[in-house]
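Peer 1: here is the input, now give the coordinates:
(chains A and B)
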There are 2 protein chains.
Amino acid sequence: MRLSQFHLHTEKETPAEAELASHRLMLKSGMVRKLAAGIYTWSPLGLRVLRKVEAIVREEMDAAGAIELLMPSIQPRELWDETGRWQKFGGQLLKLRDRKEAEYAYGPTHEEVITDFARNELASYKQLPVTFYQIQTKFRDEIRPRFGIMRAREFLMKDAYSFDVDDAGLERAYHAMRDAYSRIFTRLGLEFRAVQADSGAIGGDTSQEFHVLADSGEDAIAFSNGSEYAANVETARAADPGPRPAPSEDMRKVETPTQKTCEAVAALMGIPLARTVKSIALVGGDERFTLALVRGDHAVNEIKLAKLDGMAGYRPATEAEIRAHLGSEPGFLGPLHAKQPIRVLADREVAAMADMVVGANEAGFHLAGVNWGRDLPEPDLVADIRNVVDGDRAADGGTLRIVRGIEVGHVFQLGRQYAEAMGCKVLDDSGKAVVPTMGCYGIGVSRIVAAAIEQNFDEAGILWPEAMAPWRVAVCVINPKKDAAVVEAAEALYQELREAGIEVVLDDRGLRPGAMFADMELIGIPHRVVVSPRGLEGGTFEYRARTASEAEHLDHQALMSRLRG
Amino acid sequence: MRLSQFHLHTEKETPAEAELASHRLMLKSGMVRKLAAGIYTWSPLGLRVLRKVEAIVREEMDAAGAIELLMPSIQPRELWDETGRWQKFGGQLLKLRDRKEAEYAYGPTHEEVITDFARNELASYKQLPVTFYQIQTKFRDEIRPRFGIMRAREFLMKDAYSFDVDDAGLERAYHAMRDAYSRIFTRLGLEFRAVQADSGAIGGDTSQEFHVLADSGEDAIAFSNGSEYAANVETARAADPGPRPAPSEDMRKVETPTQKTCEAVAALMGIPLARTVKSIALVGGDERFTLALVRGDHAVNEIKLAKLDGMAGYRPATEAEIRAHLGSEPGFLGPLHAKQPIRVLADREVAAMADMVVGANEAGFHLAGVNWGRDLPEPDLVADIRNVVDGDRAADGGTLRIVRGIEVGHVFQLGRQYAEAMGCKVLDDSGKAVVPTMGCYGIGVSRIVAAAIEQNFDEAGILWPEAMAPWRVAVCVINPKKDAAVVEAAEALYQELREAGIEVVLDDRGLRPGAMFADMELIGIPHRVVVSPRGLEGGTFEYRARTASEAEHLDHQALMSRLRG
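Peer 2: Model (predicted):
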């Protein structure tokens, strides 16, 4: 492509509204232009990148045996009523009426439509297993669309749906998709993790998220350096704690007149924070007053807590409830000397502690040297109720590290809920009508573009992985209007690269070198070659990798072998 | 592709609701499935065809220098208010509100959005000329969606928009797009015509439609066998008639007691219908009583009529108005002996007649041997007010033929109306801010698929042009589960064709030969090869072109050379 015949329109100013690097750089490089809140036009430059992602996603879906189709964006309400999601989906569902007042939604996802397709198309187990996919524009009416493409309302998504007669088939389809996702993100050149996700009531290894790692990511991810284990911090578990040590101290009362936090108490006593225990007063869904205990250096995980017996729908206890049960004010709470029966819920780590420091249930005092069994009964319930932290021991013996990630993919074993609700059945090999089991598999195609930038940028602009760059190589012509020999040499190199199958853009716009280089760095072209009068004289080209700090002067042969990669 | 790993689902029954062949065959072959009125899912089979059309459109757009981008489907009302089209566009505009009650439309076209993009992106004549295009899903809320994909509400369209500083630039952009369209339809293997369209007030060669020719087409198209001339019958003109012959008969009154039509009068008198004149009583927009005269064998063209001075908004005269002006009842009307002043509007052909037969303005009588100038004054106005008919002489000396067509493309010189309304300006080479002039260029990508079928089908199914076929070659395996040698030979042929770059599908589903062949004919695969035990013995393959009536037995070499085409 000759840039003089393309439409590149970069901005000099940094857009004020953009908080994230990807948002800022996509606007500054002109990849996208905002049309309305959360709705963007992809410029020619941006579309080149988007199409590269789309092509790799499509190739790997095809290679995994998934079959592409194309469902409509506008979906009739009747299908959503069948699954109950017309009501349940919430405000993200963009509802509309046509000229005959029939109700529709702009599809945010296609479980209903694909299940409707399947119940009409699939009659026999012989047609299974089958995985359908599409790459298509979707709409989610976010309350606060922001962060540009990262959380746009109109976006491009790949969604796939598998149908199998039995669970073993679903398991195979699920793994095929998961493996395809790994290949996709590997080919895109992104650092990513496949992460266990909270799969709700279904449990087990039935839902995984794919995260592109980036400091700006919304999600915290724990992964082990000892195995493939990785999980969203929402669900990540550390290894079981070791056995509880024997008591080595007597229980004693410590005066803590103004020390209402574990940190303050530890500082006053000159002990590690990990020796203290935080007591959190809650009322479970079963209305029982509950004291949840985690180590002073740990934080409660609300998702884990809510899954325990009696705790679904729990809430913080009121100050009146706390006084009634513990006879104390917050800041000095603990599991001893309760005024009324309470449930003590200890994190695994707390249950394995000896010589703890806890609140005394008396304003201005804590208790130290507290030991289970000796000073108070064993906890009513022991469970993993904390967030893992960086450095935790993993179950596999490795160490857990915490990184931040951007969710770009999700694979999920749906099971039979949609097929059942919509009456989708096939005959099995014994001639009996059975409900097929489904999986669904999504990739945020447009979101990947933004996530890749979050992971790969510097102060000058984007650092595209080669597979996603709008062009791999930029040939920059110095002074094209004044120097015919330079133009000729640049054209020859441009043609040679094209013929060698190397994707190249010729910057023949005639800009000043500084402006030209700034543009090429901003839009993130991995390899830059400058054709200048001085270089021509010396028989060299100035070559610079986008990630290198210095340019090199290479002769023709060395340049070509470098660019062939 | 192995068909056992694809999802092909043909129907045995002919769908009752389908009136058009394309609708029927797309449902029967399983290319599309209806989700709601005018809203269809493209199955894997249908999508293969759609993508082929899309790819050819994209290649030719790129080759013509147009630059691809991607605009949103959801467009804010504010932009449509700027051009006044929020009100003017009519019921086809699907309007909706988001959760914040902001108003949007699902884009049926993108003039507003591209002009908004341009006013932000284009600042200087140096960025022009430029033509942007996209291939994107659009929605038009048709009152009566029917005919399947032919008039779907949600459809795939290629829309392009050119920007130029001056009219000469627009002319160049327009011709580049028009030529690209010709290449696209040629490459698709379709019989088509580029046709002058009614371009309203703008006039001239500023709007052309591209029609795929098919008997079922909604539009009648006139084309000359003497030149490239082709026009929608709405606007088509025949050659000027020759000079008026001298009178050769005296005027006389003919008794026509029950003959109220030209046909009946001509039959009674034993003369050609072309010797009679039809008188149509109208009231012009200027309220003048008007008698429009066309030859007995011709039909009035309402679009041409409405463009004449005083005739815009014309209506048929009432019987009372007719009696008041002509003193007669309908069936015997004519331009002589009016009771009050009337305007006589003669078609060019009528003005060039001698010895006419017209109504006598007296019940039961006509006048024969009527001549202009001698028996009545020359007409007040002479103009082309009729539809051309098959066999008319064309202005180029050729003969006009009438065929039917399906509109699949439209190129249009928009001019400055959108840019002006939306304040889009660029600096020209003298530094002055000027409003650019625009062209818009549409292709109905999904509609082409249906139009191609309308043009190419037989009683067994679709007859795809090679460029649009889901696969070029089908290799059909007889009894794959019972005969390993046949499977092996078929697999070898399949691989060989793939390696030769020939797109092939292996029908390894194990259906009975009859059912397998019926499927391949229904879905329109251009070349079919049968691998059977008998053929293997004789060292031949059974080959049949989809359009051939008989199969041939070819040896390996002959088969390969045939399939290489």
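Peer 1: my read: A:Glu19 touches A:Arg151, true?
Peer 2: No: between A:Glu19 and A:Arg151 there is no contact under CB atoms under 8 Å: 11.1 Å. For glycine as for every other residue, the C-beta is placed from the backbone atoms N, C-alpha and C.
Peer 1: the more surrounded of the two?
Peer 2: Neighbours were counted for A:Glu19 and for A:Arg151 using other CB atoms under 10 Å in any protein chain shown; A:Arg151 has more, 19 against 12.
Peer 1: what about the residue in the stretch 151-300 of chain A positioned nearest to chain B, how many neighbours?
Peer 2: Residue nearest to chain B within the stretch 151-300 of chain A: A:Glu154 (5.0 Å; CB to the nearest CB). Neighbour count of A:Glu154, defined by other CB under 10 Å: 22.
Peer 1: residues contacting it?
Peer 2: For A:Glu154, the contact set (CB atoms under 8 Å, 6 or more residues apart in numbering or on different chains) comprises A:38-40, A:137-139, B:72-74.
Peer 1: what is the burial count for the spatially closest residue to A:Arg315 that is not a sequence neighbour?
Peer 2: Among residues not flanking A:Arg315 along the chain, A:Val283 sits closest, at 5.5 Å (CB to CB, 6 or more residues apart in numbering or on different chains). Applying other CB under 10 Å, we find 19 residues neighbouring A:Val283.
Peer 1: nearest residue to the residue most central in space within chain A in space, ignoring adjacent ones along the chain?
Peer 2: The centroid of chain A falls nearest to A:Glu407 when counting by CA atoms, centre = their mean (1.7 Å). Setting aside the residues directly before and after it, A:Glu407 is nearest to A:Glu209 in space (CB to CB, 6+ apart), at 5.1 Å.
Peer 1: just grab the bridge partners of the one you found for me.
Peer 2: A:Val195, A:His410 (DSSP bridges).
Peer 1: got the contact list for it?
Peer 2: Neighbour list for A:Glu209: A:194-195, A:197, A:219, A:232, A:407, A:409-410 [criterion: CB under 8 Å, 6+ apart].
Peer 1: go again with 10 Å.
Peer 2: Residues near A:Glu209 by CB atoms under 10 Å, 6 or more residues apart in numbering or on different chains: A:181, A:193-198, A:219, A:221, A:230-232, A:234, A:405, A:407-412, A:442.
Peer 1: can I get the buried part of these as one PyMOL selection?
Peer 2: Buried subset of those, written as a PyMOL selection, criterion 16 or more other CB atoms under 10 Å in any protein chain shown:
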select buried, chain A and resi 181+193+194+195+196+197+219+221+230+231+232+234+405+407+408+409+410+411+412+442
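Peer 1: what about the stretch 101-250 of chain A, any weak spots by pLDDT?
Peer 2: Applying pLDDT under 70 to the stretch 101-250 of chain A picks out residues A:198-205.
Peer 1: show me which residues of it sit near chain B.
Peer 2: A:102, A:104, A:106, A:110, A:112-114, A:116-117, A:120-123, A:126-127, A:130-134, A:136-137, A:139, A:141-143, A:145, A:152-156 (CB under 10 Å from any CB of the partner chain).
Peer 1: tell me which of those residues fall in helices.
Peer 2: Using DSSP state H, the subset of these located in helices is A:112-114, A:116-117, A:120-121.
Peer 1: A:Tyr543 contacts A:Val529, doesn't it?
Peer 2: Yes: when contacts are counted by CB atoms under 10 Å, A:Tyr543 is listed as touching A:Val529 (5.5 Å).
Peer 1: between those two, what contacts are shared?
Peer 2: Common neighbours of A:Tyr543 and A:Val529 (CB under 10 Å, 6+ apart) are A:473, A:535, A:551, A:554, A:559, A:562-563.
Peer 1: among those residues, who's most crowded?
Peer 2: Ranking these using other CB under 10 Å puts A:Val473 first, with 25 neighbours.
Peer 1: list the contacts for that one?
Peer 2: By CB under 10 Å, 6+ apart, the neighbours of A:Val473 are A:466, A:493-494, A:497-498, A:502-506, A:525-529, A:543, A:559, A:562-563, A:565.
Peer 1: repeat for A:Ala36
Peer 2: A:145, A:153-154, B:72, B:74-79, B:98, B:102, B:104 are the contacts of A:Ala36 under CB under 10 Å, 6+ apart.
Peer 1: rewinding a little: closest one of the shared contacts of A:Tyr543 and A:Val529 to chain B?
Peer 2: Nearest to chain B among those, with distances taken as CB to the nearest CB, is A:Val473, at 19.6 Å.
Peer 1: any idea of the pLDDT on that closest one?
Peer 2: A:Val473 carries a pLDDT value of 98.
Peer 1: where's it relative to A:Ser532, distance?
Peer 2: 16 Å (CB to CB, to the nearest Å).
Peer 1: thinking again about what came up before, any chance of the contacts of A:Ala36 in TSV with distance to A:Pro247 as columns?
Peer 2: Listed next are the contacts of A:Ala36 as TSV, based on distance: CB to CB, whole Å:
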residue	distance to A:Pro247
A:Pro145	57
A:Arg153	59
A:Glu154	62
B:Pro72	67
B:Ile74	66
B:Gln75	72
B:Pro76	69
B:Arg77	73
B:Glu78	73
B:Leu79	74
B:Asp98	62
B:Ala102	65
B:Tyr104	68
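Peer 1: quick one: what helix or strand has A:Gly439 in it?
Peer 2: strand A:437-444 (DSSP states H and E).
Peer 1: name the helices or strands packed onto that strand?
Peer 2: Applying 3 or more CB pairs under 10 Å, 6 or more residues apart in numbering or on different chains; DSSP states H and E, we find strand A:437-444 packed against helix A:44-63, helix A:111-121, strand A:130-139, strand A:154-164, helix A:167-187, strand A:207-213, strand A:400-415, helix A:417-421.
Peer 1: could I get that strand in PDB with only the CA atoms?
Peer 2: Provided in PDB are the C-alpha atoms of strand A:437-444 (Å, rounded to 0.1, in the frame of the first residue of the first chain):
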ATOM      1  CA  THR A 437     -25.900 -30.600  25.700                       C
ATOM      2  CA  MET A 438     -24.400 -27.300  24.600                       C
ATOM      3  CA  GLY A 439     -21.200 -25.300  25.100                       C
ATOM      4  CA  CYS A 440     -20.700 -21.600  24.200                       C
ATOM      5  CA  TYR A 441     -17.500 -20.000  23.400                       C
ATOM      6  CA  GLY A 442     -16.900 -16.300  22.900                       C
ATOM      7  CA  ILE A 443     -14.100 -14.100  21.800                       C
ATOM      8  CA  GLY A 444     -14.200 -10.300  21.800                       C
END
